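Chemist: Need coordinates for the below:
(2 chains)
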Amino acid sequence: MRHTDLISALVLLAGAGFVGIEAWRLNIWSGPGIPGAGFLPLLLAIGLAVGAVGVFLEGTLTKWGGNTKWFADRESALRLAVLLCCIAALTAAILPLGMLLAVGLFLLVFLTIYLRGRWTAILIIAAATPVCLHLIFERWLKFSLPRGFLGF
Amino acid sequence: MDTYDMLLRGFGVALTPANLLFGTIGCIFGTFIGAMPGIGAPTGIAILLPLTFGMDPTGGIIMLAGIYYGSMYGGTITSVLVNVPGESASVMTAVEGYQMALRGRAGAALTVSAVGSFVAGSIGVVGLMFLAAPVATFGLKFGPAEQFTLFLFAFTSLVGFASESRSKTLVAIVLGLLVATVGNDPLSGRSRFTFGNIDLLGGIDFVTVAVGIFGIGEVLLAFEQNYRMEFIESRLGLSDIFPTAKEWAASFWPILRGTVLGFMVGILPAAGATVAAFMSYGVEKQLSREPERFGKGAIEGVAGPEAANNSATAGAMVPLLTLGIPGSASTAVMLGAFVIWGLRPGPLLFSKNPDFVWGLIASMYIGNVLLLILNVGFIPAFVRMLRIPFAILMALVVVFCVMGAYTLGGSLFDVWVMMAFGVLGYAMKKLDFPQAPLVFSVVLGPLAEVTFRQALTMSQGSAAIFVASPIAGALVAGACLVLAGPLLWGRLRKMRSVAKAGQA
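Modeler: Prediction:
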């Protein structure tokens, strides 16, 4: 028995129920013999339910000898959390700081954590990447990137 | 104009300095991407896709195609030297190639695979050239019912040929189709699954899905698992890379068999280069007089699968260009790019945009020559590039993903959506749900729904329209066969083995 499959199947089944209700609300038929906006979602809800039952059965019937832990160790969970926080911070900083400065800061912080001590490489990458992005997106592709309070 | 005239016209387009440059960039980037574990061709194409928005579509598709087949060449480098396949299509190469490298024959393995890839890629493009135009002409006969049954065949092929769980593949397809229904209904105008958010009214763009799932999702997984590459010490000078006469002779037929097999498998929707490489390896092992050598460094096990995965890329272009059906995850992302450039792949593409199609085909010939030179002469340079710390590469992939999602519509909302799909892609990998079918159905979903509903409206709600014409009927029968075939085949084999055991 594989617990992750059983949990996934239950979540998917709940999702299928939600999609089915939403499909009903959207109208299955918009006229005699004319499928409405909810027609495909209804079929998809049924498909999702069938798939969920399949996943549930597989999870129940298959002998699972693999690793049941989501993370191999505490360090891998920490690495993932740091990366996700850095990406979220980069996205949140785009409007106030501007795209280029946000990218430069993201690289500076992220590489400082993972390339400890290699300051020359960190500084070159953190400075050169925004310059390259400016040349590619703003100069070559003529795309205007968001500018922050510093004006770039 | 016949095929040769069109090809000459295509070379005229592909050999312009700008297109030649884009092709070269695509090949180099593709080789690098293919060699990096955790970043496959779909990821490379997805993260570089936004760069092509401001380009001429022909230059854009030449660059993306270069990444696609370049990655097949590149996947070999780490398979042989690190025993870590950069691409899933290179898994079988790692089995034999790494054993050869341990015996000091890394150079020979890399050269045979590069030459095999070149031969297969070139023959595959010839196949594409001669098959594409007739298939496109045939495609002109397709109405909404035939088009929908073709999509149905593609979706059922994904389930039928699934190397992972069939139920999980079905779930991934349904989730992709659900994502495609978000936004205003194309026929009635009613908003679906928008939850009052005006940013969702226009739907979720496939680029945000592809970049999130293939880009951020893969980065999250690679970072969590802390990929490291330790290269074995190999001499890769010019004098070390030439295979012996015996090795060439042993590779000749596997390359040709792999080429034919790979092209045929590549044409099937959803089968792709990985299935082709696995099948080729199996064929070579079965045909070998010394099957016990396999797993210990048999050069046939490198030559066949490498040829197969390269000709499969050319094969996958046939349904993409002629019918608008992607044959793999990479071509699914390319299909989405076509829509963004305002082109509709399918039968009319050949008559309406001949420069685009034939420029692409001609560029594939040129790209194969470039890749042969790169992969025979510049392997040490690629190995040096691959020694760049993983954290730097991952950080740059993240930056490109964020830039890609933002430049799509100039909206931060797309970046958040891309991140959400990144987390979903990571979770799918951890839970063993295949990612490619989800992206595949996000791309095909809108057109599949429109043709489905158009056909049903034409028949006043009767599903009989999907079996009324010979083409639609044959496609529905094909769909049933790919779904039921593997199950029946499995049962049959089980019964046979039980019968044999009984006889014994």
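Chemist: which residues does B:Phe138 contact?
Modeler: Applying CB atoms under 8 Å, 6 or more residues apart in numbering or on different chains to B:Phe138 gives the contacts B:Pro347. (Glycine included, C-beta is placed from N, CA and C.)
Chemist: Could you look up the SS state of A:Glu71?
Modeler: Actually, residue A:71 is Phe. It isn't Glu. State at A:Phe71, reduced to three classes by DSSP: H, G, I helix; E, B strand; the rest coil: coil.
Chemist: Can you give me every residue that contacts it?
Modeler: Residues in contact with A:Phe71 (CB under 8 Å, 6+ apart) are A:Ala77, A:Leu80, B:Glu224.
Chemist: Please name the nearest non-neighbouring residue to the second one.
Modeler: Here the nearest residue to A:Leu80 in space, its sequence neighbours aside, is B:Glu224; by CB to CB, 6 or more residues apart in numbering or on different chains that works out to 4.5 Å.
Chemist: Other residues contacting the one helix or strand the one you found maps to?
Modeler: Here B:Glu224 sits within helix B:217-225, counting by DSSP states H and E. Surrounding helix B:217-225, the residues in contact under the criterion CB under 8 Å, 6+ apart are A:71-72, A:76-77, A:79-80, A:83-84, B:37-40, B:43, B:390, B:394, B:397-398, B:401, B:421-426, B:428-430, B:435.
Chemist: ok, now with 6 Å
Modeler: A:76, A:79-80, A:83, B:38-39, B:43, B:394, B:397-398, B:422, B:425-426, B:429 (CB atoms under 6 Å, 6 or more residues apart in numbering or on different chains).
Chemist: And stretch B:260-279, by the same measure?
Modeler: So stretch B:260-279 is in contact with B:88-89, B:92, B:124, B:127, B:154, B:157-158, B:161, B:280, B:305, B:308-309, B:311-312, B:315-316, B:318-319, B:325, B:327-328, going by CB under 6 Å, 6+ apart.
Chemist: So among the residues you listed, which ones count as buried?
Modeler: B:88-89, B:92, B:124, B:127, B:154, B:157-158, B:161, B:280, B:305, B:308-309, B:311-312, B:315-316, B:318-319, B:325, B:327-328 (16 or more other CB atoms under 10 Å in any protein chain shown).
Chemist: For chain B, what's the nearest residue on chain A?
Modeler: A:Gly54 (2.7 Å; CB to the nearest CB).
Chemist: then stretch B:51-62 to CSV, C-alphas only?
Modeler: Output of stretch B:51-62 as CSV, limited to C-alpha atoms (Å, rounded to 0.1, in the frame of the first residue of the first chain):
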residue,chain,number,x,y,z
LEU,B,51,12.9,35.1,-26.3
THR,B,52,11.3,34.1,-29.6
PHE,B,53,8.2,36.3,-29.2
GLY,B,54,10.0,39.3,-30.6
MET,B,55,11.7,37.3,-33.4
ASP,B,56,10.6,36.3,-36.9
PRO,B,57,8.7,33.0,-36.4
THR,B,58,11.0,31.2,-38.9
GLY,B,59,14.1,32.2,-36.8
GLY,B,60,12.2,31.3,-33.7
ILE,B,61,11.3,27.8,-34.8
ILE,B,62,14.8,27.1,-36.2
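Chemist: Can you point out the buried residues in that stretch?
Modeler: So stretch B:51-62, judged by 16+ other CB under 10 Å, has buried residues B:Leu51, B:Thr52, B:Phe53, B:Met55, B:Asp56, B:Pro57, B:Thr58, B:Gly59, B:Gly60, B:Ile61, B:Ile62.
Chemist: how about the next helix or strand after the helix holding B:Glu224: buried residues?
Modeler: From helix B:217-225 onward toward the C-terminus, using DSSP H and E, the following helix or strand is helix B:245-267. Neighbour counts over helix B:245-267 (16+ other CB under 10 Å) mark B:247-248, B:250-251, B:254-267 as buried.
Chemist: now the very next helix or strand once past helix B:245-267 against helix B:245-267, angle please.
Modeler: Going down the chain from helix B:245-267, the next helix or strand is helix B:272-287, by DSSP H and E. Angle of helix B:272-287 versus helix B:245-267, following axes from the mean of the first three to the mean of the last three CA atoms, to 10 degrees, is 130 degrees.
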